[in-house]
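Colleague: how would this look folded up:
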Amino acid sequence: MNKEQGSLAIHSENIFPIIKKWLYSDHDIFIRELVSNGCDAITKLKKLEMMSEATLADDYKAKVEVYVNAEEKTIRFVDTGLGMSFDEVKEYINQIAFSGATDFLEKYKDKSSEDQIIGHFGLGFYSAFMVADKVEINTKSYRDGETSVHWESESGTEFEMGEGTKEEIGTEIILHLNEDSYEFSNEYRVKEVLDKYCSFMPVEIFLTNENAETQYETIPSDEVTEEDTVIEEIVEEPKAEENAEGDDAEAKEPVKKTKIVKRPVSISDTTPLWTKHPNECSEEDYKEFYRTVFHDYKEPLFWIHLNMDYPFNLKGILYFPKVNLEYENAEGIIKLYNNQVFIADNIKEVIPEFLLLLKGVIDCPDLPLNVSRSALQNDGFVTKISDYITKKVADKLSGMCKTDRENYEKYWDDISPFIKYGCLKDQKFQEKMREYVLFKDLDEKYMTMKEYLETVDAPEAEVVEPGEEENGEPTEPPKTTIYYVTDLQQQSQYINMFREQEKNAFVLTHSIDQPFISSLEMGDDAVKFQRIDAEVTDEFKEDVAEEELKEQTDVLTELFRKAIGKENLEVKVEKLKNEKLSSMITISEEMRRMQDMMKMYAMNGMGPMGDMGGETLVLNANNKLVQYLVANKEGEHAELFCKQLYDLAMISNKPLSPEDMTAFIQRSNEIMELLMAE
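Modeller: Below you'll find the model as predicted:
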């Protein structure tokens, strides 16, 4: 074999700056690329053997070895794959393994983001030049009669190649690190990178520090294999006390052990849990995998094992962790793999945004990756994968609700923020999950919206007479009201009213609940949600004509407006069935939601929002305090009682301001002093 010299067969003075600056977002990625190349070479060799186009030795071992040498500032990658011939090195290395180099450079010369470079160019080997001043290749092809090849390049633009001295089939790549990359000759730094990218590659991967002292271990002699380097044989005599049971005790045989060079331990788990069929995996397997991968020792609630072969290949496991959106970071970790090679965390093109609350792994060999394997092309295929994952999650949850309701209810408080967030972010997910969203009622029982509606009477549609249509359009059909509470303590007075009338309501205390119910209303014209303090409905009132209460309403409106100092205060007098209730505040659902929205805008820097009002003071004509005010509107203490009744109503609706609370307490003391004086 003649030696050969030359320049790489492209405009390499332009391509290498691109490789160094644009193709890879992290310099440590070269380790993943070179180890992946070794794994690919081994996989190809095994396939050739299956097709009877290659013969492997009886003692053949598929492995990739990584050697670091801090003294020489090198890192070596050695695989037992199919190797390369002289011609293959010329084709795959010297010509940079892709066509249209000029077009490539022209297309991307003005790009500055590695995410914009699409990937089928096969540039993984050239990531070595990100960290090395000099790169060497020693390789020997599996084909009979092929001699080994040595290739080297110091600049990344000029190369030398000729006959090598490698005897074993496979490839060795030696990187002589540049001054800025000496860290990659450190064992612990390389171990960190291998753990990140290569923990689940399908080939065993070993890391060796060539500067470290040899380590040894002692094992039973009958466990020694041909691969072990034996140092010495050791015979351990049994201890004397072990034969102290008497003359008739059975004598123990000496224990034979062997001291060997410590066996290397593979960094890679070649058959991770997601590659197995769910029937092969136990509950403890799933939990142990979760602890190992995510370092989370809080047990997951449950999990979904994805296993799909058609129309694309996708496997994975999604875990539902305990998530408290009020106090914890809402983002989980979804690790994306391509043929067991780690690509990235939480790629939003593949993983629907709401699923990023979960933890898990997804392995999809069919994903269209870019050169650096760290970003995805946005195409219809990726969308199909995202839709499939969403469907599988919805199927799992709806199936659990239908067939395992007890556990579904047990998990609900933990998973409900995730499900509601998903319904807000993904319309298809909401359509699938709508009937399986649970709500907790006033008795702390869980029910779906459909189950709740079955317990209440739907409103009857009004008969629309000719001429009653508005602008030629028919009036809106009646809606069934779903009542809810947001604060069990604050709204306790209203809750008691509901219980007295045997009415039920949902308890919605989470911050995500308000936008969630608004989303449900938009998708269902037949229902509306209303907080229980939005109005006093007919169930709580005696059947009295408004005219009977008009005089009292006029008197009390004038009296309270003057006492409270609010000229626009709306006052309604009703005959409530519960005589002990004196006063309450109602705010229409629409007005309250608008107020909440304005508060949110104010919190987001939109400026302060003034008091929008909108509340109605409801006074109970059946209550003795209210009756006293009607009869003593000019009385000495009328103003005092008006203020007290107003604050009592406000307290049951929302917390008083510090100033109002101070006045309320002082007034309460004053009223008790009046009682003592009588």
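Colleague: in this protein, where's the longest helix?
Modeller: Looking across the chain with DSSP state H, the single longest helix is helix 380-403.
Colleague: what does the average pLDDT come to for that helix?
Modeller: Here helix 380-403 scores 88 as its mean pLDDT.
Colleague: for that helix, name the packing helices and strands.
Modeller: The contact analysis (3 or more Cβ pairs under 8 Å, 6 or more residues apart in numbering; DSSP states H and E) places helix 380-403 against strand 302-308, strand 314-320, helix 405-425, helix 427-433. Every residue, glycine included, has its C-beta placed from N, CA and C.
Colleague: next, the buried residues of it.
Modeller: 381-382, 385-386, 388-390, 392-394, 396-398, 400-401 (16 or more other Cβ atoms under 10 Å).
Colleague: ok so, going back, TSV for the helices and strands packed on helix 380-403, including distance to Glu589 and mean neighbour count?
Modeller: Output for the helices and strands packed on helix 380-403, formatted as TSV (distance: least, Cβ to Cβ, whole Å; neighbours: other Cβ atoms under 10 Å):
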stretch	distance to Glu589	mean neighbour count
strand 302-308	36	19
strand 314-320	33	23
helix 405-425	19	18
helix 427-433	21	17
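Colleague: same list, the ones you listed, but as a markdown table with distance to Val341 please.
Modeller: Below are these laid out as a markdown table (distance: least, Cβ to Cβ, whole Å):
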| stretch | distance to Val341 |
| --- | --- |
| strand 302-308 | 18 |
| strand 314-320 | 14 |
| helix 405-425 | 29 |
| helix 427-433 | 29 |
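Colleague: quick one on the thing from earlier: quick check: angle from the longest helix of the chain to strand 302-308?
Modeller: Between the axes of helix 380-403 and strand 302-308, defined by axes from the mean of the first three to the mean of the last three Cα atoms, to 10 degrees, the angle is 130 degrees.
Colleague: quick one: the helices in the stretch 551-678 of the chain, in order.
Modeller: Applying DSSP state H, counting those that start in this stretch to the stretch 551-678 of the chain gives helices spanning 589-601, 624-631, 638-651, 658-677.
Colleague: between these, which one is closest to Leu358.
Modeller: helix 589-601 (26.8 Å; Cβ to Cβ).
Colleague: which is the next helix or strand following the lowest-mean-pLDDT helix or strand in the chain?
Modeller: The weakest-scoring helix or strand in the chain, judged by mean pLDDT, DSSP states H and E, is helix 101-108 (a mean of 43). Using DSSP states H and E, the helix or strand that follows helix 101-108 in sequence is strand 132-140.
Colleague: just checking, what packs against that following strand?
Modeller: When contacts are defined as 3+ Cβ pairs under 8 Å, 6+ apart, strand 132-140 sits against strand 149-153, strand 170-177.
Colleague: quickly run through the sheet partners of the first one, with directions.
Modeller: Yep, that's strand 149-153 we're talking about. In its sheet, strand 149-153 lies beside strand 132-140 (antiparallel), strand 158-163 (antiparallel), with partners assigned from DSSP bridges.
Colleague: and the first one, what's buried?
Modeller: In this case it means strand 132-140. Residues of strand 132-140 classed as buried: 132-140 (neighbour count, 16+ other Cβ under 10 Å).
Colleague: which of those residues lies closest to Arg593?
Modeller: Ala132 (62.0 Å).
Colleague: need the helices and strands packed on strand 132-140 in JSON lines (columns: mean neighbour count and mean pLDDT).
Modeller: Compiled in JSON lines, the helices and strands packed on strand 132-140 are given as follows (neighbours: other Cβ atoms under 10 Å; pLDDT from 0 to 100):
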{"stretch": "strand 149-153", "mean neighbour count": "21", "mean pLDDT": "93"}
{"stretch": "strand 170-177", "mean neighbour count": "23", "mean pLDDT": "96"}
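Colleague: looking at the ones you listed, which is closest to Leu581?
Modeller: Across the helices and strands packed on strand 132-140, Leu581 has its closest neighbour in strand 170-177 (80.8 Å, Cβ to Cβ).
Colleague: any idea of the angle the closest one forms with strand 149-153?
Modeller: 20 degrees.
Colleague: to Val190, which of the helices and strands packed on helix 380-403 lies closest?
Modeller: strand 314-320 (27.5 Å).
Colleague: which among the helices and strands packed on helix 380-403 is found nearest to Ile362?
Modeller: Using Cβ to Cβ, the nearest of these to Ile362 is strand 314-320, at 3.7 Å.
Colleague: my guess is Leu488 contacts Leu508. True?
Modeller: No. In this structure, Leu488 is not within contact of Leu508 by Cβ atoms under 8 Å, at 10.8 Å.
Colleague: who's more crowded, these two?
Modeller: Leu508 (19 against 11; other Cβ atoms under 10 Å).
Colleague: nearest to Ala54, of the buried residues of strand 132-140?
Modeller: Taking Cβ to Cβ as the measure, Ala54 sits nearest to Lys140 out of the buried residues of strand 132-140, at 13.2 Å.
Colleague: quick one: the closest one and Gly81, what's the gap?
Modeller: The gap separating Lys140 from Gly81 is 10 Å, by Cβ to Cβ, to the nearest Å.
Colleague: could you do Trp151 as well?
Modeller: For Trp151, the distance to Gly81 equals 16 Å [Cβ to Cβ].
Colleague: with Thr258 instead?
Modeller: According to Cβ to Cβ, Thr258 and Gly81 sit 32 Å apart.
Colleague: quickly list what's touching both of Lys140 and Gly81.
Modeller: Listed as contacting both Lys140 and Gly81 by Cβ atoms under 8 Å, 6 or more residues apart in numbering are 169-171.
Colleague: still on that earlier bit, out of the helices of the stretch 551-678 of the chain, which one sits most buried?
Modeller: Mean neighbours per residue, mean count of other Cβ atoms under 10 Å, is largest over the helices of the stretch 551-678 of the chain for helix 638-651, with a mean of 19.
Colleague: from the contact counts, what lies against it?
Modeller: For helix 638-651, the helices and strands in contact under the criterion 3+ Cβ pairs under 8 Å, 6+ apart are helix 546-564, strand 583-587, strand 615-620, helix 624-631, helix 658-677.
Colleague: closest one to Glu237 among those?
Modeller: Of all those, it is helix 658-677 that lies closest to Glu237, at 83.5 Å by Cβ to Cβ.
Colleague: relative to the whole chain's centre, how far out is that closest one?
Modeller: Relative to its chain's centre, helix 658-677 lies at 52 Å (Cα atoms, centre = their mean, to the nearest Å).
Colleague: now what about stretch 304-316, what contacts it?
Modeller: By Cβ under 8 Å, 6+ apart, stretch 304-316 touches 274-275, 277-278, 281, 286, 317-318, 360-366, 381, 384-385, 388-389, 392-393, 396.
Colleague: check contacts around Val626.
Modeller: 556, 573, 582-583, 619-620, 645.
Colleague: which one of those residues has the most neighbours?
Modeller: Within the contacts of Val626, Leu619 tops the neighbour count with 28 neighbours, counted by other Cβ under 10 Å.
Colleague: Asn568 versus that residue, what's the distance?
Modeller: 17 Å.
Colleague: ok, now Lys140?
Modeller: From Lys140 across to Asn568, the span is 93 Å (Cβ to Cβ).
Colleague: please apply the same query to Lys196.
Modeller: On the measure of Cβ to Cβ, Lys196 and Asn568 end up 64 Å apart.
Colleague: quick one, which of the two is more surrounded?
Modeller: Under the neighbour definition other Cβ under 10 Å, Lys196 and Asn568 were set side by side, and Lys196 has more, 14 against 6.
Colleague: would you mark the buried spots in the helix or strand encompassing the more buried one?
Modeller: Lys196 belongs to helix 187-198 when elements are defined using DSSP H and E. Neighbour-count burial for helix 187-198 flags 187, 189-190, 193-194, 197-198 (criterion: 16+ other Cβ under 10 Å).
Colleague: pull the most distant pair out of those residues.
Modeller: Glu187 and Tyr197 (16.3 Å).
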